[in-house]
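# Kindly generate the corresponding structure for this input.
(2 chains)
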2 protein chains.
Amino acid sequence: MNFLEERILKDGQVKPGNVLKVDSFLNHQMDISLMEEIGREFKRRFGHKEITKVLTIEASGIGIACFVAKEFGVPMVFAKKSKSVNLEGEMLVAEVESFTHKNRNQVIVAKKFLSPEDKVLIIDDFLANGCALQGLISITESAGATVQGLGIAIEKGFQMGGGVLRNLGYHLESLAIVESMNDETGEILFREQK
Amino acid sequence: MNFLEERILKDGQVKPGNVLKVDSFLNHQMDISLMEEIGREFKRRFGHKEITKVLTIEASGIGIACFVAKEFGVPMVFAKKSKSVNLEGEMLVAEVESFTHKNRNQVIVAKKFLSPEDKVLIIDDFLANGCALQGLISITESAGATVQGLGIAIEKGFQMGGGVLRNLGYHLESLAIVESMNDETGEILFREQK
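Alright, predicted model coming up:
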């Protein structure tokens, strides 16, 4: 069991509706030492690849992506979910559906921040149905840039997002893959990974 | 002139409507080395105070707040702008108006992450009218916690937010205070600070 799986067992909470609450260390309150360790672990897993940019989506992906970008010594870009008055110029836009919020969002990145030369590592905190990730992939490829890998903190292995992306040939690394959860017993089972 | 003022002059862009675009290094694409330098600078300015928690608001404050929290060795909490299905339990809520988006948002923090013992350093990327910051202060004080300081990357000195908070006695440190901007010439003038 790795450091993130151990932390999930220690501080994560299983709630009805297949909700895994990790808000005390990952996506509301953030344990910065853990973020740094996640950054180092993704460097270990993707360090053999050329990476020029780390891409994530607001809001809870930003913390992890900062520390991954620090490890690789490259800029981090976070996609926005709606057009702010400060976004202008040419935009890359994808439409995604949020598993958590049960609504549709636009995923937007200013075109100038992704070029055909970019080798992109996409980072997010959660992967369930994978809609946000699909939006980030779509945006990267529409810029002519290359998706070098997908790095996820926690994947819900019982939902389809991860499987689809692996079938499509993407190099997807999830630090913890939850195979099943039980909100009555609180039990969490992880997929065994090499 | 400090490192952030120099960077704003180099890469910032003045747009009509008193908009200062810093999206190439601060709030869309992030220069991680700059974020680290901002973290160290806030440690220098607030390091004489006891800090147990860094508080910010999604989304663009998160990157800076991560590196400030790292310097202080404390957790970072980011307030959310709307209630997600993953937020449950007792919530601290304040209502704020966004200068950028021209709408009203709720600022929400789970009550369990701010206790009366907490000594809080509030961090954000921008301060204009200060509504977001007022929401974060209101939430901190409603938890019975102490606001030890307010750390801002860029303050628009020609708007009222900073003046109001200094009048109220808060220890506010802004790394760059824009006194005036001209979207025709691109000129940016900073307030002289000790």
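# measure the residue lying closest to A:Ala59 once chain neighbours are set aside to A:Gly63 for me?
Take A:Ala59 and drop its neighbours on the chain: the residue closest to it by C-beta to C-beta, 6 or more residues apart in numbering or on different chains is B:Glu58, 3.6 Å away. In this view, the C-beta of every residue, glycine as well, is placed from N, C-alpha and C. The span separating B:Glu58 from A:Gly63 equals 10 Å under the rule C-beta to C-beta, to the nearest Å.
# Go ahead and flag the most central residue of chain A.
A:Asp124 (1.3 Å; C-alpha atoms, centre = their mean).
# Now it: closest residue in space that isn't a chain neighbour?
A:Gly61 is the one closest to A:Asp124 (C-beta to C-beta, 6+ apart), at 4.5 Å.
# Okay, now the unreliable bits of chain A?
A:83-88, A:98-101 (pLDDT under 70).
# who does the spatially closest residue to A:Gly157 that is not a sequence neighbour bridge with?
In space, and not counting its chain neighbours, A:Gly157 is closest to A:Ile177: 4.2 Å by C-beta to C-beta, 6+ apart. Beta-bridge pairing for A:Ile177 (DSSP bridges): A:Glu155.
# My guess is A:Ile177 contacts A:Gln193. True?
Yes - assessed by C-beta atoms under 8 Å, A:Ile177 is found in contact with A:Gln193 at 6.7 Å.
# quick one: which of these two has more around it?
Using other C-beta atoms under 10 Å in any protein chain shown as the criterion, A:Ile177 and A:Gln193 rank with A:Ile177 on top: 19 against 11.
# quick one, what contacts that one?
Counting by C-beta atoms under 8 Å, 6 or more residues apart in numbering or on different chains, A:Ile177 touches A:154-157, A:162, A:190-191, A:193.
# Quick check: A:Val96 touching A:Ile108?
No - using C-beta under 8 Å, A:Val96 is not in contact with A:Ile108, being 10.7 Å away.
# any residues touching stretch A:126-136, and which ones?
By C-beta under 8 Å, 6+ apart, stretch A:126-136 touches A:27, A:55-57, A:60, A:79, A:94-100, A:107, A:122, A:124, A:150, A:152-156, A:159-162, A:164-165, A:172, A:174.
# Which ones among those map onto helices?
Applying DSSP state H to those, the entries found in helices are A:161-162, A:164-165.
# which one of those sits closest to A:Thr185?
A:Gly162 (24.2 Å; C-beta to C-beta).
# my guess is the closest one contacts A:Ala176, does it?
No - contact status for A:Gly162 versus A:Ala176: not in contact, 11.6 Å apart, counting by C-beta under 8 Å.
# Mutual contacts of those two, please.
A:Glu155.
# Quick check on A:His171: phi, psi?
Backbone torsions for A:His171, taken as degrees, to the nearest 10, come to phi -80, psi 100.
# Indicate whether the top helix by length along chain A makes contact with chain B.
Secondary structure of chain A per DSSP H: the longest helix is helix A:32-46. Yes - applying C-beta under 8 Å from any C-beta of the partner chain, one finds helix A:32-46 in contact with chain B at A:32, A:35-36.
# ok, now which ones touch the closest residue to A:Phe25 other than its chain neighbours?
Nearest residue to A:Phe25, sequence neighbours excluded (C-beta to C-beta, 6+ apart): A:Asp31, at 4.2 Å. By C-beta under 8 Å, 6+ apart, the contact set of A:Asp31 is A:7, A:25, B:75.
# likewise A:Leu165?
A:Leu165 neighbours (C-beta under 8 Å, 6+ apart): A:130, A:133-134, A:137, A:150, A:172.
# Apply 7 Å and report the result again.
Contacts for A:Leu165 (C-beta atoms under 7 Å, 6 or more residues apart in numbering or on different chains) come out as A:130, A:133, A:150, A:172.
# And it, how close does it get to B:Ile188?
44 Å.
# ok, now A:Val178?
49 Å.
# of those two, who's got more company?
A direct count of neighbours by other C-beta under 10 Å for A:Val178 and B:Ile188 places A:Val178 higher, at 23 against 18.
# residues contacting the more buried one?
So A:Val178 contacts A:20, A:154-157, A:188, A:190 (C-beta under 7 Å, 6+ apart).
# Chain B: which of those is nearest?
Chain B lies nearest to A:Leu20 out of the contacts of A:Val178, by C-beta to the nearest C-beta, at 8.8 Å.
# before we move on, the earlier item: among the contacts of A:Leu165, which one lies nearest to A:Arg40?
A:Leu150 (17.7 Å).
# give me the beta-bridge partners of the closest one?
Beta-bridge partners, per DSSP bridges, of A:Leu150: A:Ile122, A:Leu172.
# distance of it from chain B?
Per C-beta to the nearest C-beta, to the nearest Å, A:Leu150 is found 20 Å from chain B.
# A:Leu172 is in contact with that residue, correct?
Yes - contact criterion C-beta atoms under 7 Å: A:Leu150 and A:Leu172 qualify, at 4.4 Å.
# neighbour count winner among those two?
The neighbour count for A:Leu150 versus A:Leu172, taken as other C-beta under 10 Å, is higher for A:Leu150 (26 against 21).
# any idea where the strands of chain A begin and end?
A:13-15, A:19-21, A:29-30, A:53-57, A:76-79, A:91-97, A:104-110, A:119-127, A:146-156, A:172-181, A:188-190 (DSSP state E).
# Sheet partners, orientation included, of the first one?
Paired neighbours of strand A:13-15 in the sheet (DSSP bridges): strand A:19-21 (antiparallel).
# I would like the residues contacting the strand it pairs with, please.
Applying C-beta under 7 Å, 6+ apart, the external contacts of strand A:19-21 come out as A:12-15, A:154, A:178, A:181, B:86.
# Give the buried residues for it.
Neighbour counts over strand A:19-21 (16 or more other C-beta atoms under 10 Å in any protein chain shown) mark A:20-21 as buried.
# Check the offset of that strand from the chain's centre.
How far strand A:19-21 lies from its chain's middle: 16 Å, per C-alpha atoms, centre = their mean, to the nearest Å.
# Alright, that wraps it up for me.
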